[in-house]
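# Structure for the following, please:
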Amino acid sequence: MEYTAATADQILAIRVNAGIEELAAHDRFAAASPDMVEAIVEGIGQFAAGEWAPLNRLGDQQGAVLADGRVTLPAGFAEAYRAYVEQGWNAISGDVEFGGQGLPFTLAANVIENVGTANMAFGLLPMLTVGAIEALSHHGSAAQKALYLEKLISGQWSGTMNLTEPQAGSDVGALRTAAVPISEGEHAGKYLIKGTKIFITWGEHDLAENIVHLVLARTPGAPAGSRGISLFVVPKFHVAADGTLGARNDVRVVSLEHKLGIMASPTCVMSFGDNDACVGELVGHENEGLKAMFTMMNSARINVGSQGVQIAERALQQAQYYARERVQSARAGAPGKDPVAIVEHPDVRRMLLRMRALTEGARALLYYTAGQVDRGALGTLGAQARADCLVPLIKAWGTDVGCEVASLGVQIHGGMGFVEETGAAQHYRDARIAPIYEGTNGIQAADLVTRKLGYEGGAVLIALLADVARAADGAAPQLKALADDCIEVARWMADEASLDDKLAGSVPFCTMCAVAVAGWQLLRQVGVAEGKLAQTKPVIAGYFNTHLVPEARGLKAAATAGAGLLYALGAEALAG
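The predicted structure follows:
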């Protein structure tokens with residue numbers, strides 16, 4: 001089947017949930033006129049469907065290949081990436097000073113959604129570059145910005161995030177990669193980097209002219225743990241002061257991981273300094289790498305949440321097509337015995353409606369989050385704090401949605417979904433990484449109930465939930481009740497619960513909050529949807545609020561149960 005971008009629903013979410021017209025009223029984003037927004041969303045949707053989507057299956061079957069120290073992609077990837085760069089899609093929200101278009105993050109998020117829906121593995125390439133741009137924009141020196149940003153924003157160069165080591169996964173403070181100052185010679189003032197990083201997405205490839213690695217490392221005498229981490233920029237090829245490329249730096253790919261999914265995304269083991277000649281430059285100040293890391297990861301977490309929407313949309317479209325085409329059995333209770341398309345059977349309709357409600361709800365939450373990020377950039381009071389609270393919701397629940405919708409897509413295909421020929425299994429395999437990387441969903445939930453709930457003693461998160469309750473009052477009783485439940489749990493966690501009790505209930509609480517905010521955002525769409533969406537949106541939102549919202553309310557008991565049972569068994573009895 002052919003993939004078609006969900007353009008109408010995206011424009012609706014950008015208009016209603018992100019509030020793009022309000023953003024465009026500010027001078028900084030004045031170029032984001034309705035015509036411009038429509039042209040971007042339609043344009044990137046057509047580009048992604050025409051150029052990147054046809055490579056999705058090929059990429060899964062052939063994957064990235066490492067040979068003689070070089071990583072190559074299947075035929076067509078280089079041309080598709082070149083077209084992406086030449087058409088300017090990578091530069092949508094980039095700083096105008098460095099060749100970007102200066103448009104809202106919301107529209108850059110739409111570019112990422114579209115290319116990722118067309119080809120999730122391929123979409124990781126520009127997505128990781130966003131993190132590098134963010135880190136250098138916020139923490140780089142003027143010279144570093146001048147040297148790197150123009151090429152990164154255009155997409156001519158790609159970026160990576162090098163955090164994880166064999167002994168340092170979620171515990172980044174355990175990393176051992178070393179950075180030793182260079183005191184003399186042409187690289188005086190820079191650092192020699194030495195160490196190994198694992199799980200580096202698009203760490204080596206042949207699609208961009210240069211790869212700009214952002215590497216966390218430890219300088220001599222640095223404090224133990226996360227307080228002693230510094231951030232360094234390590235280019236694949238040395239870059240002269242005039243921007244020309246020089247000799248190859250002492251960084252190489254050792255191997256590619258053999259993965260469950262995203263086969264066309266080279267997940268690399270990277271070695272820095274095998275010959276004691278890997279040169280990196282400090283970004284910001286020594287021992288402040290953690291702050292820079294979170295700058296990289298905040299946008300990355302939003303875009304990983306988007307991956308949940310992406311894979312859900314792709315799986316949904318495939319399931320819809322199969323349900324219309326597959327004829328099997330008469331409909332129960334029908335006067336005739338002629339077989340019908342399976343879309344006519346009640347349980348298939350239940351699954352399709354659930355898939356749509358989850359997908360459209362997650363998309364509404366995605367663009368609400370993006371709109372708050374843009375308001376934060378404009379300095380709108382309270383917007384950045386609200387965006388910070390939304391990040392764990394979209395990352396955790398959005399990626400859970402991707403997994404569930406992909407699983408339902410397999411289910412609708414029946415036995416044909418379990419075999420590779422239909423492609424439904426690929427979506428299921430590809431989806432599974434998203435709840436893991438950029439901070440597992442458990443870490444997102446922990447972040448919500450500790451750091452984010454700690455904003456103003458809980459007032460920031462509770463204000464968000466109170467907005468949900470006010471909007472739902474009289475319009476969606478179940479949603480109002482869920483928002484009230486969330487507020488009650490938030491107050492218990494902020495005022496009474498122990499740290500163990502908060503962490504024990506963090507995952508169900510995170511889901512409750514995400515469903516509440518997504519339900520609210522769908523409710524906002526109902527009255528203003530046009531065209532076909534005017535017919536479908538009330539049904540989708542109605543299903544969300546009568547089926548998914550009550551399910552989320554059922555999580556309140558788990559959110560407040562405390563940690564007692566989790567530690568009732570010793571480690572040996574539990575895992576022995």
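
# So which residues of the stretch 251-400 of the chain form strands?
Secondary structure of the stretch 251-400 of the chain (DSSP state E, counting those that start in this stretch): strands located at 251-256, 267-272, 279-283.

# Return the distance of residue 471 relative to residue 522.
Going from residue 471 to residue 522 by Cβ to Cβ, to the nearest Å gives 11 Å. Using the backbone N, CA and C atoms, a C-beta is placed for each residue, glycine as well.

# Just put the strands of the stretch 251-400 of the chain in a markdown table and tack on distance to residue 506, mean neighbour count and mean pLDDT.
Putting the strands of the stretch 251-400 of the chain into a markdown table (distance: least, Cβ to Cβ, whole Å; neighbours: other Cβ atoms under 10 Å; pLDDT from 0 to 100) gives the following:
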| stretch | distance to residue 506 | mean neighbour count | mean pLDDT |
| --- | --- | --- | --- |
| strand 251-256 | 34 | 18 | 98 |
| strand 267-272 | 28 | 22 | 98 |
| strand 279-283 | 32 | 23 | 98 |
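
# would you list those in CSV and tack on distance to residue 85?
Putting these into CSV (distance: least, Cβ to Cβ, whole Å) gives the following:
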stretch, distance to residue 85
strand 251-256, 22
strand 267-272, 21
strand 279-283, 24
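
# Among these, which comes closest to residue 26?
strand 279-283 (29.4 Å; Cβ to Cβ).

# Just want the angle from that closest one to strand 251-256.
With axes from the mean of the first three to the mean of the last three Cα atoms, to 10 degrees applied, the angle from strand 279-283 to strand 251-256 works out at 100 degrees.

# what does strand 279-283 contact?
With Cβ atoms under 8 Å, 6 or more residues apart in numbering as the test, strand 279-283 has contacts from 135-136, 139-141, 144, 179, 182, 187, 190-193, 214-215, 217, 230-234, 238, 249-250, 272, 289, 292.

# Tell me which strands that strand pairs with, and in which orientation.
Paired neighbours of strand 279-283 in the sheet (DSSP bridges): strand 191-201 (antiparallel), strand 230-235 (antiparallel).

# Highest mean neighbour count out of those strands?
By mean neighbour count, with neighbours taken as mean count of other Cβ atoms under 10 Å, strand 230-235 ranks first of the strands paired with strand 279-283 at a mean of 25.

# Between residue 471 and residue 522, which has more neighbouring residues?
Using other Cβ atoms under 10 Å as the criterion, residue 471 and residue 522 rank with residue 522 on top: 29 against 18.

# Name the residues of stretch 9-22 that come out as buried.
Buried residues in stretch 9-22, counting neighbours by 16 or more other Cβ atoms under 10 Å, are found at 9-20.

# what's the single longest helix in the chain?
Assignment by DSSP state H gives helix 289-325 as the longest helix of the chain.

# how much distance is there from that one to the middle of the chain?
5 Å (Cα atoms, centre = their mean, to the nearest Å).

# Return the angle between stretch directions for it and strand 230-235.
Put simply, helix 289-325 runs at 60 degrees to strand 230-235, going by the same axes, to 10 degrees.

# Which strands or helices does helix 289-325 pack on?
Applying 3 or more Cβ pairs under 8 Å, 6 or more residues apart in numbering; DSSP states H and E, one finds that helix 289-325 contacts helix 105-118, helix 120-139, strand 157-162, strand 210-217, strand 230-235, helix 346-378, helix 383-413, helix 424-431.

# I'd like the buried residues of stretch 9-22 laid out as a markdown table, including secondary structure and distance to residue 51.
Listed next are the buried residues of stretch 9-22 as a markdown table, based on DSSP: H, G, I helix; E, B strand; the rest coil; distance: Cβ to Cβ, whole Å:
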| residue | secondary structure | distance to residue 51 |
| --- | --- | --- |
| 9 | helix | 21 |
| 10 | helix | 18 |
| 11 | helix | 21 |
| 12 | helix | 25 |
| 13 | helix | 23 |
| 14 | helix | 22 |
| 15 | helix | 26 |
| 16 | helix | 29 |
| 17 | coil | 27 |
| 18 | coil | 25 |
| 19 | coil | 30 |
| 20 | helix | 25 |
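
# For stretch 308-321, what does the pLDDT average out to?
Mean pLDDT, stretch 308-321: 98.

# cool, stretch 499-517 as well?
Averaging pLDDT along stretch 499-517 yields 98.

# now stretch 433-446
So the average pLDDT for stretch 433-446 ends up being 97.

# buried sites along stretch 519-539?
Those would be 519-526, 529, 533, 537-538, for stretch 519-539 by 16+ other Cβ under 10 Å.

# Span of it from start to end?
13 Å (Cα to Cα, to the nearest Å).

# which one among the buried residues of stretch 9-22 gets closest to residue 54?
Distance to residue 54 across the buried residues of stretch 9-22 (Cβ to Cβ) is lowest for residue 10, with 20.7 Å.

# May I see the buried residues of the helix or strand of the chain with the lowest mean pLDDT?
In the chain, the helix or strand scored least confidently by mean pLDDT, DSSP states H and E is helix 289-325, which has a mean of 93. Residues 289-290, 292-293, 295-320, 322-323 are the ones in helix 289-325 that count as buried (16+ other Cβ under 10 Å).

# go on, stretch 64-82?
Of all the residues in stretch 64-82, those buried under the rule 16+ other Cβ under 10 Å are 64, 66, 71-74, 77, 80-81.

# Tell me the spacing between residue 72 and residue 197.
Following Cβ to Cβ, the distance that separates residue 72 from residue 197 is 21 Å.

# show me what contacts the residue nearest to the spatial centre of the chain?
Among the residues of the chain, the one closest to the centroid is residue 304, at 1.2 Å (Cα atoms, centre = their mean). Contact analysis of residue 304 by Cβ under 8 Å, 6+ apart lists 127, 395, 398-399, 434, 437-438.

# cool, and residue 23?
By Cβ under 8 Å, 6+ apart, the neighbours of residue 23 are 29, 32, 104, 106, 371, 374-375, 378.

# cool, residue 17 as well?
By Cβ under 8 Å, 6+ apart, the contact list for residue 17 reads 364-365, 367-368, 371, 521, 524-525.

# now the least confident helix or strand of the chain against strand 157-162, angle please.
Interaxial angle of helix 289-325 relative to strand 157-162 (the same axes, to 10 degrees): 110 degrees.

# Now do helix 289-325 against helix 383-413, angle only.
Using the same axes, to 10 degrees, the inter-axis angle of helix 289-325 relative to helix 383-413 is 30 degrees.

# Direction-wise, compare helix 289-325 with helix 105-118 and give the angle.
Going by the same axes, to 10 degrees, helix 289-325 makes 50 degrees with helix 105-118.
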